[in-house]
Each structure stands twice: as C-alpha cells, then as structure tokens.
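Enquirer: pasting the structure only:
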C-alpha cells in the first residue's frame with residue numbers, strides 16, 4: 001500500500017506522556033477516546049478540553065503493558081500499579 005499522505009493525522013504517545021495531535025480526522029485519533037470531543041491540533045494534550053479526562057498513557061513499571069485509567073493491577077503481569085494515596089496523577 002502507498003504511504004499515507006502528509007496531511008494524515010499523526011498521534012504520538014511516548015511513555016508517560018499526553019497525546020500529540022496533528023491534522024487528520026476522528027478515525028485517525030484526533031478525538032478524545034472518552035467523549036469523542038475534538039482535540040486541539042499541533043499540541044501536546046494531557047487532558048481533554050471538553051470532558052477533562054486525563055489522556056496520559058500509563059505503563060506498568062514491571063512489564064511496560066499500557067494501562068487504562070482506573071486500573072489497580074496490570075492485566076499482563078498482575079503487578080499492583082495503583083498510585084500511592086496523595087500522589088499526583
């Protein structure tokens with residue numbers, strides 16, 4: 001298949017960071033996965049400006065599996081991944 005045109009959306013989500021959105025459409029990830037609100041283009045986005053959900057990607061410190069918001073344990077290795085009480089998200 002030919003490469004995607006340069007105007008296609010690019011979403012970069014390095015470990016423990018927010019989402020960077022550039023161009024594109026909803027099918028390519030420029031919308032909040034929680035409320036489907038449009039995310040600002042060309043910016044690192046840590047929180048949805050519409051619903052306030054945290055968009056940071058968390059990974060298990062033991063096996064690097066991507067963790068969803070609210071998970072207390074890793075689904076791959078079983079490690080307790082709950083943040084200590086009073087810790088910033």
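Expert: That came in fine, so what should we check first? If you're wondering where the values come from, they're calculated on a predicted model, not measured in any experiment.
Enquirer: Please make it C-alpha for all contacts and neighbour counts, starting now.
Expert: Fine.
Enquirer: Strands of the chain, residue ranges please.
Expert: Assigned by DSSP state E, the strands in the chain fall at 10-12, 19-22, 43-45, 58-59, 66-67.
Enquirer: Which elements pack onto the last one?
Expert: Looking back up the chat, that one is strand 66-67. Counting contacts by 3 or more Cα pairs under 8 Å, 6 or more residues apart in numbering; DSSP states H and E, strand 66-67 packs against strand 58-59.
Enquirer: Could you name the helices and strands sitting against the strand it packs on?
Expert: Counting contacts by 3+ Cα pairs under 8 Å, 6+ apart, strand 58-59 packs against strand 66-67.
Enquirer: So in that sheet, which strands flank the strand it packs on, and in what orientation?
Expert: Partner strands and pairing direction for strand 66-67 (DSSP bridges) are strand 58-59 (antiparallel).
Enquirer: Of the strands of the chain, which shows the lowest average pLDDT?
Expert: Per-stretch mean pLDDT for the strands of the chain is lowest at strand 10-12 (a mean of 41).
Enquirer: Show me how the protein divides into domains.
Expert: Annotated domains of the chain cover 1-56, 59-89 [automatic domain parsing].
Enquirer: Pick out the shakiest of the ones you listed, pLDDT-wise.
Expert: Note on the domains of the chain: lowest mean pLDDT is at domain 1-56, with a mean of 68.
Enquirer: in the protein, which spans are helices?
Expert: Using DSSP state H, no helices are found in the chain.
Enquirer: What's the separation between residue 44 and residue 55?
Expert: 10 Å (Cα to Cα, to the nearest Å).
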